[in-house]
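In: how would this look folded up:
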Amino acid sequence: MADFQYLCVSIAVMAVVTYLIRMLPLAAFRKKIKSKFALNFLYYVPYAVLSAMTVPAIFYSSGSVISAAVGCAAAIVLALLEKGLLTVAVCACAGVFVTELIMRLMGAM
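Out: Coordinates of the predicted model:
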């Protein structure tokens, strides 16, 4: 029974926090924002947050930072060449796999 109460309290706290995060900007900025600095700041916030969450996850997702860097480099190159998302993801995974395979064969892991 205590686990169920803990679960209910956890869900309630998460709901309140999520609601506050979405409601506070609406309450704080009732007028149209005219400041170029504020508009530029708010425009780039989602990209900065996504990058801050994604980049560390890339380098800690595999068995080695070296193989993760190879996969990241492959993804960046293919993205700059404007390849599709599936192609970029598959090639990045293949780069990590091949790099870790070579490292295991060389005895580096």
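
In: Next, name the residue at the spatial heart of this structure.
Out: By Cα atoms, centre = their mean, the chain has its centre lying nearest to Thr54, at 2.7 Å.

In: any idea which helix or strand carries that residue?
Out: In this assignment (DSSP states H and E), Thr54 forms part of helix 36-59.

In: max-length helix in the chain?
Out: When the chain is parsed with DSSP state H, its longest helix is helix 2-28.

In: which helices and strands sit right next to that helix?
Out: Contacts defined by 3 or more Cβ pairs under 8 Å, 6 or more residues apart in numbering; DSSP states H and E place helix 2-28 against no helix or strand at all. Where you see a C-beta, it was placed from the backbone N, CA and C, and this is true even at glycine.

In: now that helix: mean pLDDT?
Out: Averaged over helix 2-28, pLDDT sits at 88.

In: got the angle between it and helix 36-59?
Out: For helix 2-28 against helix 36-59, the angle by axes from the mean of the first three to the mean of the last three Cα atoms, to 10 degrees is 150 degrees.

In: Low-confidence ranges, this structure, go.
Out: The chain contains residues with pLDDT under 70 at 1, 108-109.

In: With Ala27 as the reference, measure out to Val16.
Out: 15 Å (Cβ to Cβ, to the nearest Å).

In: Same question for Met53.
Out: Met53 is 26 Å from Ala27, by Cβ to Cβ.

In: Same check on Leu101?
Out: As judged by Cβ to Cβ, Leu101 and Ala27 stand 54 Å apart.
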